[in-house]
Structure formats: structure tokens, C-alpha cells
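> following is a predicted model, sequence given first.
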Amino acid sequence: MLQLKAAAGRELRCKGHSFMSKVNTCLLPEQLGWAGPEQGAKDDLTHLLHMLTQVQFPRAFPRRLALCPRSPSFFSLLPSRLPCGVNSAPSSEASSGMESIAELALGPCVASQYLRPFRLRYRQNGISKLWDFMRTHDSVSILIFNISRQCFVLVKQFRPAVYMCEMEQQCPQYFGNKTEESWCPLSDFLPASKGITYELCAGIVDKPELSLEEIACKEILEECGYEVPVTSLKRITSYRSGVGVTGSKHTLFYAQITDDMKSSEGGGQADEGELIEVVEIPLQDSMKFAFDETFPKTMAVIFSFMWFQSNIAPKLLEK
């Protein structure tokens, strides 16, 4: 059987897809987009094999290799989503631990450090009204772009609120009128992957002695492991989120980093229960990723990627 053996770190393309191969990854003809045993397909593959033996890869793909030599890190997290059936690298410890959940139980929220529910009574245009809302902290988030490898740095984590929204659709009986002060064990529950999201590096504004910029830099270091000077942050905009429930203010920043600014692995504050995985999205894959609904993500990711394409990407092309 004909096979194509790809060298480590080489980019191959088939049916409009591109991917970086692992060491000694063997690709079958059907994985490269050929239909099967037909003679025409074999001839095409033989021709491609001959071409590849004549090509010096660094010259053939200079832009891809220069822009993002370590960009496979994102795709290696998702073996089932890789094109053409290519196997991925093993999941990281953070990823495997993130999806290990057990002993789920649902109970009432009597008191919270982060949420305060209220009911507002008011009159509008002569009509009496009631509105239930929650007060919570404002927040900051940061679009991080690694100029050394031309990729965005996101975080991936398990979000119980997202997970329980999925649970309610599958198991509405667990919710009902949950007012009694008791915990209801969840005997049937979904895999943890239903609650995992891709997000910008972010944090709540809960330290009045720090500026928003200082909080943002602190979060970048804790979650992603990069030391970013406060003066290098660029404020993109601020906006209201959850306008029907919380109305909290969210401020978005942009940070440009290099590999030299890496000082730790990140991953969040373990003593605060954080379990965060750092994910890199290559620039050339960013818009496809942004609108791929199979990767749950926040609106801030989509908006910030679009902002980058309009405000930063043109300047990069000029250099």
C-alpha cells in the first residue's frame, strides 16, 4: 500500500486543510484526500511523492514555518477534530485533570462571595414593574498575541455554569423548584467536555488598590505565564455584559508578547481552585476558529479576533 511519511514539523495540505505532522506520521492516500484504489488516484499520489522528494521544506513553506513553528499545540488538543484522520499528541495533564469530575450534587445558593441577588421595584411610564438582577464584580480580559510565533494565547477551562446549562437541557428533573436547603446528588451527568470553553485571559475586578491595567497584567502572569509591563497594554474598549441579569462592566485590553517574556507555565492559582490550560491559536486559523461553533467560546474571543484583523493585522503585513 502506498504511504506518505511526513517529517516532523512539516506542513501538508489536502482538500483545503493544513496541519503539522508528528514525527514519522504515516499518511494513507485516503487521508490525503484521494478516493481510493483507482489508478488515477494512485498516479496522483505517485506524482506527489516524487514532488515531495524534490522539495526543500523550509523553502517550500517559509511563511508557515517562520510565523508559527510551534502552532500545532492547539490542534494537538483535539484529536477528533484534526483533518484527514491524523492522530494528535497526548493530552496535557491540565486537560486530563480538567475533564475528571465526580460526585456532582446540586443545591441552593444561600450566600455567595461573588453573586448578590436583588429585586428592584420601580415605576416606568406610569406602570409598576419588578426586575430581578444580580450584582457581581466587573471584569477585565486581555487579547494576547505572541509576535514571536504569530499566534493568539487563549485559556481553556471547565465552566460549571455552562456545564449545568447543558445538564438542564438533558436532565431538567434535577432543577425544578430548587428552594429546599439540601443537596441533590446527580446520579446521571454529562461528560465534563460539555462545560469546557475557550476564552481570553480574564479576571474579576476585586482589588480596589490596583488599576485595571495592573489587574490585567496580574491575570496574564497567573493564567498564561507571561510578564507584561503595564505600560505595554493597549485598551481596546469597555462594554456591558449580562445586561438583563448583572449589567457588569467589562474592559478589554490588547497585549503583544514574545517568547522571551515567558516566565512560568501559567495555569491559574491552584490554591484558589483554578485549573486552566493555555491554548495557542495560529493567526491564520483564528477566524475559522472564531466562528466554529463546535468550540464553545465567549463573545469576547470573536469580537477581539475581528478587532485584531481590522486594527493590528494590516500593520503586521506592512512590516
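Ah, there it is.

> just the strands in the stretch 201-319 of the chain please.
201-204, 234-241, 248-257, 277-282 (DSSP state E, counting those that start in this stretch).

> ranking those strands by burial, who's on top?
strand 277-282 (a mean of 23; mean count of other Cβ atoms under 10 Å). All C-beta spots, glycine's among them, are computed from the backbone N, C-alpha and C.

> partner strands of that strand, parallel or antiparallel?
Take DSSP bridges as the rule and strand 277-282 pairs in its sheet with strand 151-158 (antiparallel).

> just after the strand it pairs with, pick out the following helix or strand.
The element immediately downstream of strand 151-158 (helix or strand, assigned by DSSP states H and E) is helix 160-170.

> flag every buried residue along that next one.
Y163, M164, E166, M167 (16 or more other Cβ atoms under 10 Å).

> pull the CA atoms of it into PDB?
C-alpha atoms of helix 160-170 as PDB (Å, rounded to 0.1, in the frame of the first residue of the first chain):
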ATOM      1  CA  PRO A 160     -19.800  24.800  35.800                       C
ATOM      2  CA  ALA A 161     -22.400  27.400  34.700                       C
ATOM      3  CA  VAL A 162     -22.000  26.300  31.000                       C
ATOM      4  CA  TYR A 163     -22.000  22.600  32.100                       C
ATOM      5  CA  MET A 164     -25.200  23.000  34.100                       C
ATOM      6  CA  CYS A 165     -27.000  24.700  31.200                       C
ATOM      7  CA  GLU A 166     -26.200  21.700  29.200                       C
ATOM      8  CA  MET A 167     -27.300  19.500  32.100                       C
ATOM      9  CA  GLU A 168     -30.700  21.200  32.400                       C
ATOM     10  CA  GLN A 169     -31.400  20.500  28.700                       C
ATOM     11  CA  GLN A 170     -30.700  16.800  29.200                       C
END
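
> quick one: terminal-to-terminal distance for stretch 237-254?
One end of stretch 237-254 sits 10 Å from the other (Cα to Cα, to the nearest Å).

> one more: stretch 190-206?
33 Å.

> buried ones in it?
Residues of stretch 190-206 classed as buried: 190, 192, 194-203, 205 (neighbour count, 16+ other Cβ under 10 Å).

> ok, now stretch 305-319?
F305, W307, F308, I312.

> in CSV: those, plus distance to Y122 and pLDDT.
Output for the buried residues of stretch 305-319, formatted as CSV (distance: Cβ to Cβ, whole Å; pLDDT from 0 to 100):
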residue, distance to Y122, pLDDT
F305, 39, 98
W307, 36, 98
F308, 41, 98
I312, 43, 97
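
> any idea which of those is the one closest to E209?
E209 has its nearest neighbour among those in W307, at 29.7 Å by Cβ to Cβ.

> show me where the stretch 51-200 of the chain has its strands.
Using DSSP E, counting those that start in this stretch, strands in the stretch 51-200 of the chain cover 105-106, 116-124, 127-135, 139-146, 151-158, 184-185, 196-199.

> please name whichever of the ones you listed is nearest to A216.
Across the strands of the stretch 51-200 of the chain, A216 has its closest neighbour in strand 139-146 (4.7 Å, Cβ to Cβ).

> I'd like the average pLDDT over stretch 106-126.
Mean pLDDT, computed over stretch 106-126, is 93.

> kindly report the same for stretch 274-289.
According to the model, stretch 274-289 has a mean pLDDT of 95.

> returning to what we had before: which one of the buried residues of helix 160-170 is nearest to D132?
M164 (18.7 Å).

> tell me which residues touch the closest one, please.
L106, G195 (Cβ atoms under 8 Å, 6 or more residues apart in numbering).

> all set now, cheers.
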